[in-house]
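Enquirer: fold the following, please.
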Amino acid sequence: MSDNLNKYIRESHRNLLVVEDSDTDFEVLTRVLKKLSFSYPIHRCCDGDEALDYLYHRENYQDILMYPQPDLVLLDLNLPGTDGKDILEEIKQNDQLKSIPIIIFSTSSNPQDIKACYQKGANNYLLKPMDFTAMKITVESLIKYWFEISLLPTI
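Expert: This next block holds a predicted model:
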């Protein structure tokens, strides 16, 4: 693909990749995003291997127009297949992907998980709130910061 076409695709809209195996957690997240009038495309992968296929445009994700590189990845840690820490490490070691901000969104408050994720290059680590109101506040802050305040790289 030409650099100009890739640049056009990246600048025409922002998008979010959510790597989340829990249907319930994903449903709550999408309800919160809808309530916040989040208008960007949301792509979901249910396990680590699917997330890597998406990011590398393999298997069912070869169409870059349908599955563009995400501007932000919201990554759960405890996933079937390749786990979140391994996905994080692989993304941050890949020259074409490492500039994508990765936000760990997990129920784990284990200090070892938090430290390991930051050491592997996580841009942020957020605890998944269990309460809808707390989830709304957390997600609203996350979206405001990453999609409204921050300047995101174009890959």
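Enquirer: what's the mean pLDDT across the helix or strand hosting Gln112?
Expert: For Gln112, the host element (DSSP states H and E) is helix 111-119. Across helix 111-119, pLDDT averages out at 97.
Enquirer: which parts of it are buried?
Expert: Asp113, Ile114, Ala116, Cys117 (16 or more other CB atoms under 10 Å). For the C-beta atoms, the positions are set from N, CA and C on the backbone; glycine is no exception.
Enquirer: only C-alpha atoms, please: export it in CSV.
Expert: Provided in CSV are the C-alpha atoms of helix 111-119 (Å, rounded to 0.1, in the frame of the first residue of the first chain):
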residue,chain,number,x,y,z
PRO,A,111,2.1,-4.8,41.8
GLN,A,112,4.1,-7.4,39.9
ASP,A,113,1.6,-7.2,36.9
ILE,A,114,1.7,-3.4,37.0
LYS,A,115,5.5,-3.3,37.1
ALA,A,116,5.9,-5.9,34.4
CYS,A,117,3.5,-4.0,32.1
TYR,A,118,5.3,-0.7,32.5
GLN,A,119,8.7,-2.5,32.0
